[in-house]
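# Provided below are the primary sequence and the corresponding predicted coordinates.
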Amino acid sequence: MADITKADVNILVQLQKAEIETVEIESYLKGVEEKKSLLESQLTDFKKALDKLQNDFDIISKTCSDADLEVKLNDDRIEKSSANLKKANSKDYALLLREIDNNKKRRETLENIYLKNLEEKESKEKELKEQEQLFVQLTQKIRSQQEDIDSKTISDRERLKEHQEQREKIAQNLNPYLLNRFNEISQMSGGIAVVEVRDELCRGCFMNIPPQLYIEIRRCTSLIQCPHCNKILYHIESLS
Ligand SMILES: [Zn+2]
């Protein structure tokens with residue numbers, strides 16, 4: 001057991017007070033950060049859906065212009081066959097006529113495909129524009145909510161800085177071994193490393209402290225930790 005003085009325990013108690021303040025504000029600010037990133041993920045999810053829509057639109061646009069090109073190529077073929085018709089002999093004439101006829105029928109099919117794609121393209125375009133607008137609105141709304149959160153927490157951040165500085169200052173007065181112990185226990189116990197013993201009860205875990213240990217704590221000459229919750233124990237009356 002490490003030797004300890006009343007002065008050490010007094011510093012530990014002060015350090016614990018500063019630690020509680022710091023941990024409380026830190027955990028509040030952590031919750032705030034989580035709220036902010038939750039808002040951010042709403043935006044990311046929306047953007048993902050928007051990108052998917054944009055991609056669908058690009059695909060249908062390409063299909064549409066391919067179909068349009070196909071119609072034009074078919075028209076060219078009809079035009080070319082019609083020009084050849086004028087100088088064709090009787091055998092070729094019949095062949096060309098059939099070819100023209102086939103291509104005209106094909107034109108109808110191609111045009112139907114084109115129109116169907118065009119309709120889909122226009123509907124996707126409309127949807128895309130609507131969603132883009134909504135995305136702009138949502139972005140503005142979320143940015144303003146995030147700024148609101150930031151401005152509301154300015155004073156908390158300042159308070160945290162003050163408490164952290166105060167904690168540093170107190171910690172400077174503590175010997176490094178005790179400070180290490182304090183930090184280790186605090187980290188494992190959510191910011192509580194030093195607790196009072198009252199009526200032979202540890203106020204950290206509310207378990208009974210054995211009589212011999214209780215006497216040791218009251219004597220305040222060595223570092224005593226709770227046998228149940230491991231926290232550093234002190235007795236308030238022994239500090240005065
Ligand atoms: Zn305990």
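Structure's in. What do you need? Numbers count the residues shown, from 1 in each chain.

# what helix or strand is Val13 on?
Per DSSP states H and E: Val13 is located in helix 6-86.

# could I get the average pLDDT for that helix?
In this model, helix 6-86 carries a mean pLDDT of 96.

# and the helix or strand just after it, what other elements does it pack with?
Sequence-wise, the next helix or strand downstream of helix 6-86 (DSSP H and E) is helix 90-152. Under the contact criterion of 3 or more CB pairs under 8 Å, 6 or more residues apart in numbering; DSSP states H and E, helix 90-152 touches helix 6-86. C-beta coordinates here come from the backbone N, C-alpha and C atoms, glycine included.

# local confidence estimate at Met188?
95.

# the residue nearest to it when sequence neighbours are not counted and the ion: what is the separation?
Nearest residue to Met188 in three dimensions, chain neighbours excluded: Asn230, at 7.6 Å (CB to CB, 6 or more residues apart in numbering). Distance, Asn230 to the ion, using CB to the ion, to the nearest Å: 7 Å.

# helix, strand or coil: sort out Asn230 for me.
Following DSSP: H, G, I helix; E, B strand; the rest coil, the label given to Asn230 is coil.

# pretty sure it sits against Ser186.
No - Asn230 lies out of contact with Ser186 (CB atoms under 8 Å); the separation is 11.2 Å.

# these two - which one has more neighbours?
Remark: of Asn230 and Ser186, Ser186 carries more neighbours, 21 against 16, as counted by other CB atoms under 10 Å.

# got the angle between the strand or helix carrying that one and helix 6-86?
Element membership for Ser186 (DSSP H and E) is helix 176-188. Inter-element angle recorded for helix 176-188 and helix 6-86: 50 degrees (by axes from the mean of the first three to the mean of the last three CA atoms, to 10 degrees).

# quick one: name whatever helix or strand follows helix 176-188.
Moving toward the C-terminus from helix 176-188, the next element (DSSP H and E) is strand 194-198.

# which strands or helices does that following strand pack on?
Secondary-structure packing of strand 194-198 (3+ CB pairs under 8 Å, 6+ apart): helix 6-86, strand 232-234.

# any idea of the mean pLDDT for that strand?
96.

# for stretch 121-130, same thing?
In the prediction, stretch 121-130 has an average pLDDT of 97.

# give the buried residues for it.
Residues of stretch 121-130 classed as buried: 121, 124, 128 (neighbour count, 16 or more other CB atoms under 10 Å).

# which residues sit in contact with Gln42?
Gln42 is in contact with 138, 142, counting by CB atoms under 8 Å, 6 or more residues apart in numbering.

# what sits against the residue nearest to Met188?
Shown in contact with Asn230 (CB under 8 Å, 6+ apart): 185, 188-189.

# over to Asp3?
The contact partners of Asp3, taken as CB under 8 Å, 6+ apart, are 221-223.

# got these as a markdown table, with distance to Lys87 columns?
Listed next are these as a markdown table, based on distance: CB to CB, whole Å:
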| residue | distance to Lys87 |
| --- | --- |
| Thr221 | 122 |
| Ser222 | 118 |
| Leu223 | 113 |
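
# out of these, who has the most neighbours?
Highest neighbour count within these: Leu223, with 19 neighbours (other CB under 10 Å).

# look up how far Glu158 lies from Cys202.
Between Cys202 and Glu158 the computed distance is 35 Å (CB to CB, to the nearest Å).

# among the two, which residue is more densely surrounded?
Set Cys202 next to Glu158 and count neighbours by other CB under 10 Å: Cys202 wins out with 23 against 11.

# once you drop chain neighbours, what's closest to that one?
Per CB to CB, 6+ apart, closest to Cys202 is Cys226, 4.4 Å.
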